[in-house]
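Participant: let's see this in three dimensions:
(one chain, ligands or ions: 3)
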Amino acid sequence: MGLVLKNGRLLNLETGELQATDILIAGDRIEAVAEQIEASGHEAIDLQGKAILPGFLDMHVHLRQPGFEAKETIETGTAAAARGGFTTVACMPNTRPVIDSPELIGYIYETTAKEGSCTVLPYGAITKGELGEELTDIAALKAAGAIGITDDGVGVQSSSMMREAMRIAASLDLPVVIHSEDEDLAKDGCMNEGVVSKRLGLPGIPGLAESVMIARDILLAEETGAHLHVCHISDAWSVDLVRYAKSRGLKVTAEVTPHHLLLTEEIIDRTDAQDANMKVNPPIRTEKDRQACLRGLLDGTIDMVATDHAPHTEEEKKRPFQTAPFGFVGLEIAFPLLYTELVETGQIALHELVKKFTINPANVFKIDRGVIAVGNVADLTIVDLEAERTVTVEEFKTKGRNTPFLGKKIKGWSVLTINQGRITYRGN
Ligand SMILES: NC(=O)N[C@@H](CC(=O)O)C(=O)O
Ligand SMILES: [Zn+2]
Ligand SMILES: [Zn+2]
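Facilitator: Ligands and ions are numbered 1, 2, ... in the order given. So this is what the prediction gives:
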């Protein structure tokens, strides 16, 4: 017995059309896609005209396990992913211990098999303990199933170490995923360096702290032939650098978060300066930077949306602004936020936005997902494009509450998510 999804509207990623479609799922695969599929002998769900999209992929998520289970676990983080329509997430290695050995890569896969509500693909660290002192055994990480290497949370300060990591990664065909931050320029900043930080008297992180590192790493990627993937791009100069790298035909790709696409540094000015729920790294920057990120997403310079889902405890986020940790949760609201703010306002077509959540990340990281077709893994999400709901922490599956979007009314919520043929989220 299979599962038949009746009366859905499948989004055509080429034309943008929504076409009346039924889908039959058998085991973990899509068995049939047609206008009408006979439901008898199968379990059936009536989709009532809702949109059928490929399950989303998020290549930048902090699941916090092992070591920071008070912030999040693989169980709660992947449940949040499923609620957000995600069927694949790539998790960052800045856990405790840091994911810097093949055993720990194995631990992520094993724990996901027991407790996960989506496919989890781990990154391994570039340096042991993310301390920037000694390279990990990158080949062993890859052999254990690491899908890329990154020291996310901190930038690799040593250029020679990054060069060596890229040489090795290039020989292994493994992406090098960069948190670009020059610590000397970023110093002890807690928000964007600019008019608002000056007005509030808070130490700033200049956009330059990001873009100089991206410039360095683009040069290193050209020299070594490595695939460089730029995390959470936030600054106009950074977008120009990635555009330049692409124009040279380099293997350079990039992601942007919903918050860098939608917010400006004024969120810290408008609210209480002490509210650390507005604090994230890289910081929210100026309208000029936001526009540059949006333009980069629209013209293909930026390949994909990634949430940088970074849960922290309420206690940690109650600390004074300068000492509280950086980070926002994002998995459960990423798609509806961008659907509401960018699609409904006519700034991007629905199918173009969906590509940034599906086929694009799948292609960049060579993951066999992101397309609804017969024979493919049954990863999909059913989205209600009409109903408007308010972002409330009571509905969160994540342990985190740290988002600047609380109280916002948005449309485009997932109502059913299926990962490898299994229902992982059902809402209304
Ligand atoms: N983005 C953040 O503000 N925080 C991330 C680290 C990171 O992504 O650099 C975290 O791990 O909390
Ligand atoms: Zn980062
Ligand atoms: Zn991150």
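
Participant: pLDDT on stretch 134-142, on average?
Facilitator: In this model, stretch 134-142 has a mean pLDDT of 99.

Participant: give me the distance between stretch 312-323 and the centre of its chain.
Facilitator: Between the centre of stretch 312-323 and the centre of its chain there are 23 Å (Cα atoms, centre = their mean, to the nearest Å).

Participant: let me fix that, I meant to ask about stretch 374-385.
Facilitator: Worked out by Cα atoms, centre = their mean, stretch 374-385 lies 18 Å from the chain centre.

Participant: same question, stretch 55-63
Facilitator: On Cα atoms, centre = their mean, the centre of stretch 55-63 falls 4 Å from that of its chain.

Participant: any residue of it up close to ligand 1?
Facilitator: Yes. Stretch 55-63 is in contact with ligand 1 by Cβ under 6 Å from any ligand atom, via His62. Bear in mind the C-beta positions are built from the backbone N, C-alpha and C, glycine included.

Participant: give the rounded mean pLDDT of that stretch.
Facilitator: Mean per-residue pLDDT for stretch 55-63: 99.

Participant: over to stretch 113-125?
Facilitator: 99.

Participant: buried sites along that stretch?
Facilitator: Glu115, Gly116, Ser117, Cys118, Thr119, Val120, Leu121, Pro122, Tyr123, Gly124, Ala125 (16 or more other Cβ atoms under 10 Å).

Participant: residues in contact with the second one?
Facilitator: The one in question is Gly116. Applying Cβ atoms under 8 Å, 6 or more residues apart in numbering to Gly116 gives the contacts Ile74, Glu75, Thr78.

Participant: pretty sure Asp58 contacts Val329?
Facilitator: No. Applying Cβ atoms under 8 Å as the test, Asp58 and Val329 come out as separate, 12.0 Å apart.

Participant: all strands for the stretch 101-250 of the chain, in order.
Facilitator: Under the criterion DSSP state E, counting those that start in this stretch, the stretch 101-250 of the chain contains strands at 119-122, 176-178, 191-192, 204-205, 228-230.

Participant: possible to save those strands as TSV with distance to ligand 1?
Facilitator: Listed next are those as TSV, based on distance: least, Cβ to the nearest ligand atom, whole Å:
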stretch	distance to ligand 1
strand 119-122	15
strand 176-178	10
strand 191-192	11
strand 204-205	11
strand 228-230	12
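
Participant: distance to ligand 2 for these - can I get that in TSV?
Facilitator: Below are the strands of the stretch 101-250 of the chain laid out as TSV (distance: least, Cβ to the ion, whole Å):
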stretch	distance to ligand 2
strand 119-122	16
strand 176-178	9
strand 191-192	15
strand 204-205	12
strand 228-230	10
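
Participant: please name the bridge partners of Met191.
Facilitator: Using DSSP bridges, the bridge partners assigned to Met191 are Gly204.

Participant: counting neighbours, what do you get for the closest residue to Glu103 other than its chain neighbours?
Facilitator: The shortest distance from Glu103 to any non-neighbouring residue, by Cβ to Cβ, 6 or more residues apart in numbering, is to Ala144 (7.7 Å). Number of residues near Ala144 (other Cβ atoms under 10 Å) recorded here: 20.

Participant: residues in contact with Ala144?
Facilitator: Pro102, Glu103, Ile105, Gly106, Gly124.

Participant: near ligand 1, which residues of the protein?
Facilitator: Proximity of the chain to ligand 1, by Cβ under 6 Å from any ligand atom, involves residues His62, Asn94, Asp152, Gly153, His179, Val280, Asn281, Asp308, Ala310, Pro325, Phe326, Gly327.

Participant: can you sort out which of the residues you listed also neighbour ligand 3?
Facilitator: Among those, proximity to ligand 3 is found for Asp152, Asp308 (Cβ under 5 Å from the ion).

Participant: picking that back up, need the max-distance pair from the buried residues of stretch 113-125.
Facilitator: Greatest spatial distance in these: Ser117 and Ala125, 25.1 Å, computed using Cβ to Cβ.

Participant: thinking again about what came up before, any common contacting residues for Asp58 and Val329?
Facilitator: His309.

Participant: what bits of the stretch 251-400 of the chain have low per-residue confidence?
Facilitator: Residue ranges of the stretch 251-400 of the chain with pLDDT under 70: 271-273.

Participant: all strands of it, in order?
Facilitator: Going by DSSP E, counting those that start in this stretch, the stretch 251-400 of the chain shows strands at 252-256, 304-305, 380-390.

Participant: fine, thanks again, bye for now.
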